[in-house]
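Engineer: need coordinates for the below:
(one chain, ligands or ions: 1)
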Amino acid sequence: MTPKSKARGLWASRMGFILAASGSAIGLGNIWKFPYITGQNGGGAFVLVYLACIVVIGLPIMLSEFTLGRKTQLNPVGAFKKLAPGSTWTLVGFMGVVAGFLILSFYGVVGGWTLAYIVKSVSGASVHFGSPKEAGEFFGTFIANPVEITLYHFLFMALCVGVVIKGVHGGIEKACDILMPTLLLILFLLMIRSLTLDGAMEGVSFYLKPDFSKISPQVILIALGQAFFSLSLGMGAMLTYGSYLPEEENLLSATLYVVLFDTMIALLVGMVIFPAVFAMGMEPAEGPSLVFSVLPAVFSQMPKGNVVSIVFFVLLLIAALTSGISLLEVVVAYFIDEKGWPRKKAVLVMGSIIFVMGVPSGLSFGIWADVKLFGMNFFDHADNIASNYLLPLGGMLTAIFVGYIWGTDAAQSEIEKHETEFHWVKAWSFIIRYIAPVAVALVFLAKFFK
Ligand code: PHE
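Structural biologist: Just a heads-up that it's a prediction; the model follows:
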């Protein structure tokens, strides 16, 4: 290990890397966001567009990010600077760091909701509902309380800071090793519960039967943004995690595993939520509160519902934390590599700034609910700017960079190090050079000119 890589840290094992990258990908995006935007955008048809975005655009871009990261062993800004010195491409890296700030600012708020619901399940406060409406009102009152929201938001950010301060191997990898497999197990159990509720099948059909009349340019942009968000792409999070990889790692299989795990979890969560939504006679298009009002209502009607509720929200917290730490790590890696800050200082200072930036998002459902610009509050703006614009744009520019500036040949030789054979190289190059950038551009155009 060179002195530099020692200071930055490396993953200790292959599985450790895959779990950490999956930990970044699997998060609130899968469990909280995927069901509510699927519910708002028509169910089955949206799921199909989403899957197409994952396979055609997400997968090849993830491979590109891992490759850029491992090649340069740097943060997003440093990576572009190293491969294209003196060019404006470093701006793409900067955009990633900015997206990291922005996403974590509202992500931390939802992470805080999750923490709060663990506490409320323990005390029994959130599992005594006679109807889903009551559960929804309880949630509405909770997120309107500025003090409680900010306190839990702070605690969530403190947890992220605590893990990231310990560095890549000691903190992030160790945490993900235990947490990710537990998550899968718990989701399976919940799916069985949900599917055996009376009236569950109507939810299954909403979720799996596509109604193509629901697809519009706006729906496609949202599906694309969700693919980037869920896979942690377009802002250098996967690039940064790739930068801690030793050379002998097989980037191809790592990419396949992470995409597979992330997609599996999202699809599984849909099978937990939609059967329950329909069985309870609720509205699938209810928005960000969906998971927080549907599930507590379900838990309330289950024997040992409070235990199930605790388990579920612990799971959600785990998922949120392993993603939150990857967002913070992008920002921190930038200050360590480019500004020479010690890790501790970078984590504490940036963690605090991001927390403060998130406070207005936290207040968006209560005292600042009426502070709106173009009809959207702070929270919606942060999410919309980051997920629907910065990430797809970042992903498109990353594809163009790898396709034309760094070059797919150079990328190929990085991928093929240590006798890895890249059978799909032609298809991958074609997608990176032509399909991915054009597809993202078309989606943007369709949105602006519709
Ligand atoms: N992929 C994470 C999720 O699904 C969110 C995330 C986005 C994390 C971008 C890192 C970078 O919750």
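Engineer: which residues lie in contact with the residue of the stretch 51-200 of the chain found nearest the ligand in this structure?
Structural biologist: Closest approach between the stretch 51-200 of the chain and the ligand, counting by C-beta to the nearest ligand atom: I103, at 5.5 Å. No exception for glycine: its C-beta is placed from N, CA and C like everyone else's. Residues in contact with I103 (C-beta atoms under 8 Å, 6 or more residues apart in numbering) are F229, M235, L327, A382, A386, S387.
Engineer: let's have those residues in CSV, adding distance to F66 and pLDDT.
Structural biologist: Listed next are the contacts of I103 as CSV, based on distance: C-beta to C-beta, whole Å; pLDDT from 0 to 100:
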residue, distance to F66, pLDDT
F229, 18, 95
M235, 14, 95
L327, 17, 95
A382, 27, 94
A386, 21, 92
S387, 21, 88
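Engineer: ok, now how distant is the residue of the stretch 51-200 of the chain closest to the ligand from V331?
Structural biologist: 10 Å (C-beta to C-beta, to the nearest Å).
Engineer: just among the contacts of I103, which is most surrounded?
Structural biologist: M235 (32 neighbours; other C-beta atoms under 10 Å).
Engineer: returning to that earlier point: tell me which element the residue of the stretch 51-200 of the chain closest to the ligand is part of?
Structural biologist: helix 90-123 (DSSP states H and E).
Engineer: check which element follows that helix along the chain.
Structural biologist: helix 132-143.
Engineer: who touches that following helix?
Structural biologist: Outside helix 132-143, the residues touching it (C-beta under 8 Å, 6+ apart) are 113, 116, 120, 125-126, 129, 148-149, 280-282, 286, 289, 292-294, 296-297, 300, 365-366.
Engineer: filter the contacts of I103 by proximity to the ligand?
Structural biologist: Contacts with the ligand within these, as defined by C-beta under 6 Å from any ligand atom: F229, M235, L327.
Engineer: now distance to L187 and secondary structure too, for those residues, in a markdown table please.
Structural biologist: Below are these laid out as a markdown table (distance: C-beta to C-beta, whole Å; DSSP: H, G, I helix; E, B strand; the rest coil):
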| residue | distance to L187 | secondary structure |
| --- | --- | --- |
| F229 | 19 | helix |
| M235 | 26 | coil |
| L327 | 22 | helix |
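Engineer: which parts of the stretch 301-450 of the chain are helices?
Structural biologist: Here the stretch 301-450 of the chain has its helices, by DSSP state H, counting those that start in this stretch, at 305-339, 343-362, 378-383, 391-400, 408-415, 425-430, 436-449.
Engineer: which strands and helices lie in contact with the third one?
Structural biologist: Right, helix 378-383. helix 90-123, helix 343-362 (3 or more C-beta pairs under 8 Å, 6 or more residues apart in numbering; DSSP states H and E).
Engineer: now list the buried members of the contacts of helix 132-143.
Structural biologist: 113, 116, 120, 126, 129, 148-149, 280, 282, 286, 289, 292-294, 296-297, 300, 365-366 (16 or more other C-beta atoms under 10 Å).
Engineer: hang on, the earlier thing: dump the helices of the stretch 301-450 of the chain to TSV, plus distance to G162.
Structural biologist: Below are the helices of the stretch 301-450 of the chain laid out as TSV (distance: least, C-beta to C-beta, whole Å):
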stretch	distance to G162
helix 305-339	9
helix 343-362	9
helix 378-383	24
helix 391-400	27
helix 408-415	34
helix 425-430	38
helix 436-449	36
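Engineer: interface residues of this protein facing the ligand?
Structural biologist: So the chain meets the ligand at 24-25, 27-30, 103, 229-230, 232, 235, 237, 323, 326-327 (C-beta under 6 Å from any ligand atom).
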